[in-house]
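Visitor: Sequence first, then the predicted structure:
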Amino acid sequence: MGPPMAEPKIIVSDAPDATDTAVIADGLRAYNTEKAGYDDYRPLAVFVSDPVTGKVVGGLYGGSYLGQLRVDRFFLPEGLRRDRIGSRVLAMAEEEGRRRGCTRIALNTLEIQAPGFYRKQGYEMAAQLDCDAPGVTRYLMTKRLK
């Protein structure tokens, strides 16, 4: 038995270094892999691009992991929030999730964003986090992928 370990320093930062956050992400991923017995994480993105320039103007990204598809961000410019473009983007992500063997999709949205849109797509409220100021209540929404 060696000498006692010194008390670790605990620091709060609003500008975390990527190397330091990688220690946390990699450590958690290794722990999860050890406990689950496998690691099947794969990123996923569905992009919407301008037909003339080819430039990405919106879409969604996230990833699949341990049977769940997660949407991290989903954005369409105001002018593209018609013609079921958002519904098609989300449906494409869901289909890819099914293809990967995911049984559930989850995402977070704000009251001022699109909870009504997700409800129309068959999503259910899993949790509601009431926050100050008005309009910024957060919702965890989920849908079973059959």
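Guide: Everything's here; your move.
Visitor: Name the residue closest to the centre of this protein, please.
Guide: The centroid of the chain falls nearest to D72 when counting by Cα atoms, centre = their mean (2.4 Å).
Visitor: Excluding its own residues, what touches the helix or strand hosting that one? List them.
Guide: Taking DSSP states H and E as the criterion, D72 maps to strand 68-75. Residues from elsewhere that reach strand 68-75 (Cβ atoms under 8 Å, 6 or more residues apart in numbering): 44, 58-64, 86, 89-90, 93-94, 96-97, 100, 102-107, 114, 145. Quick note: C-beta positions are derived from backbone N, CA and C, even for glycine.
Visitor: can you pull the pLDDT of the residue nearest to the centre of the chain?
Guide: Looking at D72, its pLDDT is 98.
Visitor: ok, T33 touching Y41?
Guide: No: here T33 does not reach Y41: they are 9.2 Å apart, not a contact under Cβ atoms under 8 Å.
Visitor: These two: which is more packed in?
Guide: Comparing T33 with Y41 by other Cβ atoms under 10 Å, the one with more neighbours is T33, at 14 against 11.
Visitor: For the more buried one, list the residues it contacts.
Guide: Contacts for T33 were tallied using Cβ under 8 Å, 6+ apart; they are D39.
Visitor: Checking my notes, it in a helix, right?
Guide: Yes: applying DSSP: H, G, I helix; E, B strand; the rest coil, one finds T33 inside a helix.
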